[in-house]
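Chemist: Next come a sequence and a model predicted from it.
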Amino acid sequence: MTTNQLAFFGTGRTAPPATVGVEVRAAGDLSAPERQLLSQAHLDDIAPIEAWKVTGTNKQLSYSTHGVFRFFGKFPPPIARHLITEFTERGDWVLDPMMGSGTTAVEALDMGRNVVVRDVSPLSTLLCRVKTTHVAETDSRRAFDRVAKLVGSPATTPLPTPIGLRNAAHWFLPETIASLGRIRAAIEPESDTPVRELLLTAFTSTVRRVSKATTQQGRLFLDVEKAKPDAWPTFCERFDKYASAVAALPRERKGTQLQIEQLDARSKGSTSRRFRLAITHPPYFNNYKYSSVNSLELAWLGVAHKEVRADEIREAFKIGKPEKVTEYVEDLASAVAAISEQLEEGGVLALMMGDTIIRESYIDVTRQLLQAIEQAGARLRLDRVVLRVPQYTEASWVASQRRTGDKVGVTLNDFILLFTKPKRSK
């Protein structure tokens, strides 16, 4: 069993072994239930097996800018760092074509790697820019003071309202809509792009916290009692936290390069560059459609979530139709094929995904994807299957998503598939 220690972004400090890292166990150290999970998924006999578990509390895992914005289904930062450490050297290029909140970018830059990240969502590209850009606290505080002054002044023009929501009043109190509108309007005149985007990130992080929607589940459920008429105190608290986090980032990237693109993962982009490592964490079948999960935030950014949905991987979010897995696998296999073409020979693809249970029937989504990749003739070799074991806090959160006790724990684990792109024989 080994633990990969982590360097904190921009500080050079390392976390104690018992706090933040990745605990690795070989196949022989797996428990009987863990072996049963792999067997049920039909993944127990196709490649060498390991089990990985992230160590550290949620607070400790929010080091650097990882605590900026609560992103449901977030890729664990220690997993990204563990993969980057194992498969790359300083100066190598890393790709994440479904970047989510930008975890891979933060880790890659901190470790001296170059990185290209992509996502179909403008919220994701915004978050990644903010989480990887130093903004001096004197600049951000000066801008905040300007926003505060405007928020406290009478509005001279109509206030912004959310875009693309069928019924905004279903999710927000009238007073909350007015309060959010004042803050959004006050941010708009900011001319310094990094500062403006920092303010927007604090604002989008405020939206759900003050809405009628619960903050305990990724899916949108009403929790009217927690709605807040005045969004300003929450915005102030979010801004204080985020301004401090980005101010601690290095002022310069010391030769590393970052490219952020709003792009479908099934596209190869415009670059002819080849990557040493690709990390991807797609939405899980029958779990999250991120355009829906983040529909409130997108609406206040002026983006209708249906515009984002058109380019997402097809899945069965809230539908409960097992037959939809065919579409999901087809889209994901197309993304894997595009990633494979962008890898250099000897390069590695790390794909983290999970299976699901619908109406008590187990759906081996991961194995079906492997079969689709093989049938498509993708130039990839499966070298390792990793059972990703959640720590207690993750298990508790996932359990809270289920409404019946007999379903708790059924789909808590997911898998990391490690592929290599073989070198062509001469």
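Modeler: Received it, and whenever you're ready, just let me know what you need.

Chemist: Sheet partners, orientation included, of the top strand by length along the chain?
Modeler: The longest strand of the chain (DSSP state E) is strand 343-353. Strand pairing for strand 343-353, using DSSP bridges, gives strand 275-280 (parallel), strand 414-420 (antiparallel).

Chemist: what comes up buried for the next helix or strand after that strand?
Modeler: Using DSSP states H and E, the helix or strand that follows strand 343-353 in sequence is strand 356-358. Within strand 356-358, the residues scored as buried using 16 or more other Cβ atoms under 10 Å are Thr356, Ile358. All C-beta spots, glycine's among them, are computed from the backbone N, C-alpha and C.

Chemist: before we move on, back to that, please convert the strands paired with strand 343-353 to JSON lines, extending it with mean neighbour count, mean pLDDT and distance to Gln36.
Modeler: Below are these laid out as JSON lines (neighbours: other Cβ atoms under 10 Å; pLDDT from 0 to 100; distance: least, Cβ to Cβ, whole Å):
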{"stretch": "strand 275-280", "mean neighbour count": "25", "mean pLDDT": "98", "distance to Gln36": "27"}
{"stretch": "strand 414-420", "mean neighbour count": "21", "mean pLDDT": "96", "distance to Gln36": "14"}
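
Chemist: of all those strands, which lies closest to Ile363?
Modeler: Nearest to Ile363, of all the strands paired with strand 343-353, is strand 414-420, at 13.4 Å by Cβ to Cβ.

Chemist: Run the chain-centre distance for that closest one.
Modeler: 17 Å (Cα atoms, centre = their mean, to the nearest Å).

Chemist: And for stretch 68-76?
Modeler: Centroid displacement of stretch 68-76 relative to its chain, using Cα atoms, centre = their mean, is 5 Å.

Chemist: Residues in contact with it: which ones?
Modeler: Around stretch 68-76, the neighbours that count as contacts under Cβ atoms under 8 Å, 6 or more residues apart in numbering are 54, 61, 100-101, 103-104, 127, 130-131, 201, 204-205, 215, 217-218, 241-242, 245-246, 279, 281, 283-284, 287-288, 290, 293, 352.

Chemist: same deal with stretch 47-59?
Modeler: Applying Cβ under 8 Å, 6+ apart, the contact partners of stretch 47-59 are 3, 15, 18-27, 29-30, 34, 38, 43, 61, 76, 78-79, 82, 382-391, 393-394, 416.

Chemist: Same question for stretch 190-200.
Modeler: 126, 129-130, 133, 135, 139-140, 143-144, 146-147, 187, 239, 242-243, 246, 301.

Chemist: would you put the C-alpha positions of that stretch in PDB?
Modeler: This file holds the C-alpha atoms of stretch 190-200, laid out as PDB (Å, rounded to 0.1, in the frame of the first residue of the first chain):
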ATOM      1  CA  GLU A 190     -15.800  45.900 -14.500                       C
ATOM      2  CA  SER A 191     -13.300  46.300 -17.300                       C
ATOM      3  CA  ASP A 192     -10.400  44.100 -15.900                       C
ATOM      4  CA  THR A 193     -11.300  40.600 -17.300                       C
ATOM      5  CA  PRO A 194      -9.700  38.400 -14.600                       C
ATOM      6  CA  VAL A 195     -11.200  40.600 -11.800                       C
ATOM      7  CA  ARG A 196     -14.600  40.600 -13.500                       C
ATOM      8  CA  GLU A 197     -14.600  36.800 -13.900                       C
ATOM      9  CA  LEU A 198     -13.600  36.400 -10.200                       C
ATOM     10  CA  LEU A 199     -16.600  38.500  -9.300                       C
ATOM     11  CA  LEU A 200     -18.800  36.500 -11.600                       C
END
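
Chemist: Pull out the buried residues from that stretch.
Modeler: Glu190, Pro194, Val195, Glu197, Leu198, Leu199, Leu200.

Chemist: now do stretch 232-249
Modeler: In stretch 232-249, counting by 16+ other Cβ under 10 Å, buried: Trp232, Thr234, Phe235, Cys236, Arg238, Phe239, Tyr242, Ala243, Ala245, Val246, Ala247, Leu249.

Chemist: Just send the residues you listed back as JSON lines, with secondary structure too.
Modeler: Shown next, in JSON lines, are those (DSSP: H, G, I helix; E, B strand; the rest coil):
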{"residue": "Trp232", "secondary structure": "helix"}
{"residue": "Thr234", "secondary structure": "helix"}
{"residue": "Phe235", "secondary structure": "helix"}
{"residue": "Cys236", "secondary structure": "helix"}
{"residue": "Arg238", "secondary structure": "helix"}
{"residue": "Phe239", "secondary structure": "helix"}
{"residue": "Tyr242", "secondary structure": "helix"}
{"residue": "Ala243", "secondary structure": "helix"}
{"residue": "Ala245", "secondary structure": "helix"}
{"residue": "Val246", "secondary structure": "helix"}
{"residue": "Ala247", "secondary structure": "helix"}
{"residue": "Leu249", "secondary structure": "coil"}
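
Chemist: would JSON lines of these with pLDDT and distance to Val116 be doable?
Modeler: Formatted as JSON lines, the buried residues of stretch 232-249 follow (pLDDT from 0 to 100; distance: Cβ to Cβ, whole Å):
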{"residue": "Trp232", "pLDDT": "98", "distance to Val116": "38"}
{"residue": "Thr234", "pLDDT": "98", "distance to Val116": "34"}
{"residue": "Phe235", "pLDDT": "98", "distance to Val116": "32"}
{"residue": "Cys236", "pLDDT": "98", "distance to Val116": "35"}
{"residue": "Arg238", "pLDDT": "98", "distance to Val116": "29"}
{"residue": "Phe239", "pLDDT": "98", "distance to Val116": "29"}
{"residue": "Tyr242", "pLDDT": "97", "distance to Val116": "24"}
{"residue": "Ala243", "pLDDT": "98", "distance to Val116": "27"}
{"residue": "Ala245", "pLDDT": "95", "distance to Val116": "23"}
{"residue": "Val246", "pLDDT": "97", "distance to Val116": "21"}
{"residue": "Ala247", "pLDDT": "96", "distance to Val116": "26"}
{"residue": "Leu249", "pLDDT": "94", "distance to Val116": "19"}
